[in-house]
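[1] whatever this is, show me its structure:
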Amino acid sequence: MKCIVYLFLETSSFAIRILLAPEQGYFNEKRLLPTASNLRLKWFNDIEEDNEPFYSTPNYNSSILFDCRCRATSDYFDKLFLSSTELCNGLKLFKIWLEQRQLTHVRKYKCLIKYIRLFG
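    The predicted structure follows:
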């Protein structure tokens, strides 16, 4: 589950979605490998075990890693698309191609279309 803040204005149908992300360098990314264990049973139980099994937590680790990399990836794409008019024009053509094939309403392409709107 992601930390997302939704802001709705009562007077209009306008809404803002804010994805909360940690500062860069807040988490040690080496600890977020898919084979690493970042949860301990003693955090949830008051029982101390000497030989506590450490199970890998790939879903938890990938979720935290996504949050850590979200801002850097967004900044990279902003710089890439704003520096190249050819890339922006190609993105516009791709958007037109998706709309002609009525793929803009398909659920798996919706996040792509939302991102394309920033540059198209």
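
[2] and stretch 68-75, what's buried?
    Neighbour counts using 16 or more other Cβ atoms under 10 Å place residue 68 of stretch 68-75 among the buried residues. Every residue, glycine included, has its C-beta placed from N, CA and C.

[3] now do it: everything it contacts.
    Here stretch 68-75 makes contact (Cβ atoms under 8 Å, 6 or more residues apart in numbering) with 19, 21, 22, 24, 26, 27, 29, 32.

[4] what is the neighbour count of the first one?
    Meaning residue 19. Neighbour count for residue 19, taken as other Cβ atoms under 10 Å: 13.

[5] go on, the fifth one?
    Other residues lying near residue 26 total 11 when counted by other Cβ under 10 Å.

[6] what score does the nearest residue to it once chain neighbours are set aside have for pLDDT?
    Spatially, and ignoring its direct neighbours in sequence, residue 26 is nearest to residue 68 (7.2 Å; Cβ to Cβ, 6 or more residues apart in numbering). Per-residue pLDDT puts residue 68 at 83.

[7] mind listing the helices for this protein?
    Remark: helices assigned in the chain by DSSP state H are 58-83, 85-100, 110-119.

[8] need these in a markdown table with distance to residue 43, can you?
    Output for the helices of the chain, formatted as a markdown table (distance: least, Cβ to Cβ, whole Å):
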| stretch | distance to residue 43 |
| --- | --- |
| helix 58-83 | 13 |
| helix 85-100 | 45 |
| helix 110-119 | 33 |
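
[9] what's the closest of those helices to residue 14?
    helix 110-119 (14.4 Å; Cβ to Cβ).
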